[in-house]
Each structure stands twice: as C-alpha cells, then as structure tokens.
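[1] Give me coordinates for this.
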Amino acid sequence: MGRTKNDWIALVSLLLAFWFLLAGTVWVWGAALIVAYPFGLTSLVLWRFFLKGEQKQSKLIPTILGFGLVLSLMVLFFTWLSYSPR
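    The predicted structure is shown next:
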C-alpha cells in the first residue's frame with residue numbers, strides 16, 4: 001500500500017511540530033523566534049490548510065503545537081522573571 005499525498009503532508013507537519021516543541025525553549029538572544037517559531041507556523045499551516053479529512057493525524061499535530069507554544073512561553077516568562085531586577 002503506497003503513501004498518499006496527505007500522509008506525506010501529515011508526516012512533514014508532525015516532524016515540524018516536534019521540532020517546534022524541542023527548539024521552542026531556546027530563548028537565548030531570542031533564538032526561538034528564528035529557530036522554532038517559523039517551523040511551528042509552517043506545521044500549523046500544513047495541518048490547517050492541506051490536510052483534509054485526516055481525523056487521526058490531525059488531533060496529534062495541534063496538541064503538540066499547543067504544548068510547544070505553552071512550554072515556550074513559560075520558558076520565556078521564567079527567563080524574563082529570573083533576569084528582572086529585584
């Protein structure tokens with residue numbers, strides 16, 4: 001059984017979502033804006049506009065992206081909190 005176009009799009013979107021999850025915590029000099037967020041946005045666009053009718057795969061990708069965003073913003077907040085003057 002061969003892979004369809006939706007399978008390949010879902011795989012690429014899933015890999016980009018995992019990269020966003022892992023690299024989204026790198027806030028040294030704002031590196032997450034360059035290293036992670038474009039990949040997360042690309043994954044979201046692929047998932048939202050190019051995957052049609054894929055229920056099984058389409059629930060995992062936004063969950064990973066949401067968790068990555070929350071984790072990234074928490075790391076940014078706590079990094080900012082630790083460097084703010086007391």
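[2] how about the strands of the chain, start to end?
    Secondary structure of the chain (DSSP state E): no strands located.
[3] Quick check: longest helix in it by residues?
    With DSSP state H applied, the helix covering the greatest number of residues in the chain is identified as helix 55-83.
[4] Report all helices and strands that that helix contacts.
    helix 5-23, helix 37-45 (3 or more CB pairs under 8 Å, 6 or more residues apart in numbering; DSSP states H and E). C-betas here are computed from N, CA, C, even on glycine.
[5] Would you agree residue 16 is in contact with residue 46?
    Yes - assessed by CB atoms under 8 Å, residue 16 is found in contact with residue 46 at 7.2 Å.
[6] Looking at those two, which has the bigger crowd around it?
    Taking residue 16 and residue 46 together and counting by other CB atoms under 10 Å, residue 16 has the greater number of neighbours (24 against 19).
[7] what about the longest helix of the chain, average pLDDT?
    Here the mean pLDDT over helix 55-83 is 86, rounded to a whole number.
[8] Check stretch 9-21 too.
    So the average pLDDT for stretch 9-21 ends up being 92.
[9] Quick check: which of the helices and strands packed on helix 55-83 is nearest to residue 71?
    Nearest to residue 71 among the helices and strands packed on helix 55-83 is helix 5-23; the distance by CB to CB comes to 7.1 Å.
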